[in-house]
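[1] sharing a sequence plus its predicted fold:
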Amino acid sequence: MAGAEYRFSSTWWLPAAPARRVFDAVVDLEAYPRWWPDVRSVRRLGDETAEVVCRSRLPYRLVIAMHREEEDPVTGHVRVGLSGDLEGFLAGALHPVGQGTRLEITQHVQARKPLLRKLDTVARPFFRANHAWMMRRGHLGLAAYLA
């Protein structure tokens, strides 16, 4: 991947949620708008693919097709391929810790949306901050949803 490329990693600690409950919530894309404020809509495109529309603090939205590549409740691994305004992948690994779960999220994407590509060199810090804000809200939303 060249230009407008981003790598993100986040760790979400969910102290009162067993790994299987977290796994079930993470793979249920259609429920995301109920707990993640920045996920505005999800539309199923097929058995393995859904269109997700996101918008956080900055005044643009991302339309992303997520295609299931891996979904293993035994190992706690999930991975989706991304296309549309972002191209790449998003992966999650769930680790039971006591009564809770640590969810490690990795994203490697390239911006395809023309506005993001055009502004990449000057707006990169804002895009990264916007992503961090979105992930914080997702973490808090999931914790509340599972409580």
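    In hand now; what should we look at?

[2] for the residue of the chain positioned farthest from its centre, what are its contacts?
    Centroid-distance maximum for the chain: residue 98 at 24.6 Å, with C-alpha atoms, centre = their mean. Going by C-beta atoms under 8 Å, 6 or more residues apart in numbering, residue 98 touches residue 15. C-betas here are computed from N, CA, C, even on glycine.

[3] how does it look with 10 Å?
    15-16, 18 (C-beta atoms under 10 Å, 6 or more residues apart in numbering).

[4] do the same with residue 34
    Residue 34 touches 25, 28, 141, 145, counting by C-beta under 10 Å, 6+ apart.

[5] if we use 7 Å, what do you get?
    When contacts are counted by C-beta atoms under 7 Å, 6 or more residues apart in numbering, residue 34 touches residue 145.

[6] wait, is it part of a helix?
    Yes - secondary structure assignment places residue 34 in a helix (DSSP: H, G, I helix; E, B strand; the rest coil).

[7] middle-most residue in this structure, spatially?
    Centrality entry for the chain: nearest residue to the mean C-alpha point is residue 90, 6.5 Å, by C-alpha atoms, centre = their mean.

[8] which residues touch that residue?
    80, 82, 107.

[9] give the pairing partners of the one helix or strand it maps to; include direction for each.
    For residue 90, the host element (DSSP states H and E) is strand 86-97. Strand pairing for strand 86-97, determined by DSSP bridges: strand 77-84 (antiparallel), strand 100-111 (antiparallel).

[10] which of those sits closest to residue 35?
    strand 100-111 (13.5 Å; C-beta to C-beta).
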